[in-house]
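Enquirer: sharing a model prediction with you, sequence too.
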Amino acid sequence: MGRRAARRPASARTLYRALDELGAAPTPDPVLRPDGPKRNDTALLLGVLLAKTELDAALRADPAQEPPRGMTDLLTGYRSLVTSPGDTTRLRLLSLRLVRSAVEATLDDDTDPALLAAADAALAASGLIDAARLKNAGAGPSAIQAAHDAAALSLRAAADQITTPARPAPPDARDPAPSTSPTDD
C-alpha cells in the first residue's frame, strides 16, 4: 500500500471530512459554524481523530496477546510516516503521547497508587525526552535543566506512589449486589 508524502499539516476541513468518513465527526454548531469547521477548530478535530485512531488501534492490536495480534502491522504503518528517530517533531510527538498517557491514567480521578505512579513515570519520561530535544535544538542550559528538574520531580512522585500501600477495593467492586432481574432464573 503506497502513500503520498505528508508535506503540510491537515486543514480543519480535511480533518472534518476524514472524521465524517470514519463516522466520528463532531456536529458543528449551526449558529457558530454555519459553513462548517474553521481554522481554530483544527486542534479539536485532531484530538477527535487521534482518539478515533487510538480506539480503533486498541481493538485491532493487543500488545498483551502472544503473539501480539496486529501489533507488527500497526507499528509498520506508523513507522512508514514517522521515520526519523532524531527528528525534533518525532521527539515532540513522543513527549506529547506520554503527557496524554499520564492524563488518561488519571482521567477518572482514580487514586490507585499504581495508576498515579504510572502517570508520574510517563511525565518523567516526557520531561527527559523534552530535555534531549532541547539539547539537540541548541537550547540554553537553563531550559535543559528545567526539563531535567521536572523529570526528577515526577520520578520522585512515582517512587512515592509505588511505596504507598495499595488500598482495598471498595465493597461494591469486590462483592456485587445480587441481581433481582427476572431474567436471572
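Expert: Thanks, I have it.

Enquirer: for the chain, what are the low-confidence residue spans?
Expert: 1-7, 69, 85-86, 164-185 (pLDDT under 70).

Enquirer: pop out the phi and psi values for residue 75.
Expert: Reported as degrees, to the nearest 10, the phi and psi values for residue 75 are phi -70, psi -40.

Enquirer: roughly how far does it sit from residue 57?
Expert: 10 Å (C-beta to C-beta, to the nearest Å). C-betas here are computed from N, CA, C, even on glycine.

Enquirer: who's in contact with the most centrally placed residue in the chain?
Expert: For the chain, residue 100 is the residue whose C-alpha lies nearest the centre (C-alpha atoms, centre = their mean; 3.8 Å). The contact partners of residue 100, by C-beta atoms under 8 Å, 6 or more residues apart in numbering, come to none.

Enquirer: just residue 147 next, same as before
Expert: By C-beta under 8 Å, 6+ apart, residue 147 lies in contact with 127-128, 130-131, 134.

Enquirer: hmm, try it at 6 Å
Expert: Counting by C-beta atoms under 6 Å, 6 or more residues apart in numbering, residue 147 makes contact with 127, 130-131, 134.

Enquirer: dump stretch 98-114 to PDB, keeping only the CA atoms.
Expert: Taking Å, rounded to 0.1, in the frame of the first residue of the first chain, the C-alpha atoms of stretch 98-114 are listed here in PDB:
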ATOM      1  CA  LEU A  98       3.500  10.500  27.200                       C
ATOM      2  CA  VAL A  99       1.600  13.500  28.500                       C
ATOM      3  CA  ARG A 100      -1.600  12.200  27.100                       C
ATOM      4  CA  SER A 101      -0.900   8.800  28.700                       C
ATOM      5  CA  ALA A 102      -0.400  10.500  32.000                       C
ATOM      6  CA  VAL A 103      -3.600  12.400  31.700                       C
ATOM      7  CA  GLU A 104      -5.500   9.300  30.700                       C
ATOM      8  CA  ALA A 105      -4.100   7.200  33.500                       C
ATOM      9  CA  THR A 106      -5.800   9.600  36.000                       C
ATOM     10  CA  LEU A 107      -8.800  10.700  33.900                       C
ATOM     11  CA  ASP A 108     -11.400   9.200  36.200                       C
ATOM     12  CA  ASP A 109     -10.000  10.800  39.300                       C
ATOM     13  CA  ASP A 110      -8.800   7.300  40.300                       C
ATOM     14  CA  THR A 111      -6.500   7.500  43.300                       C
ATOM     15  CA  ASP A 112      -5.000   4.000  42.800                       C
ATOM     16  CA  PRO A 113      -1.300   4.400  43.600                       C
ATOM     17  CA  ALA A 114      -0.200   2.300  40.700                       C
END
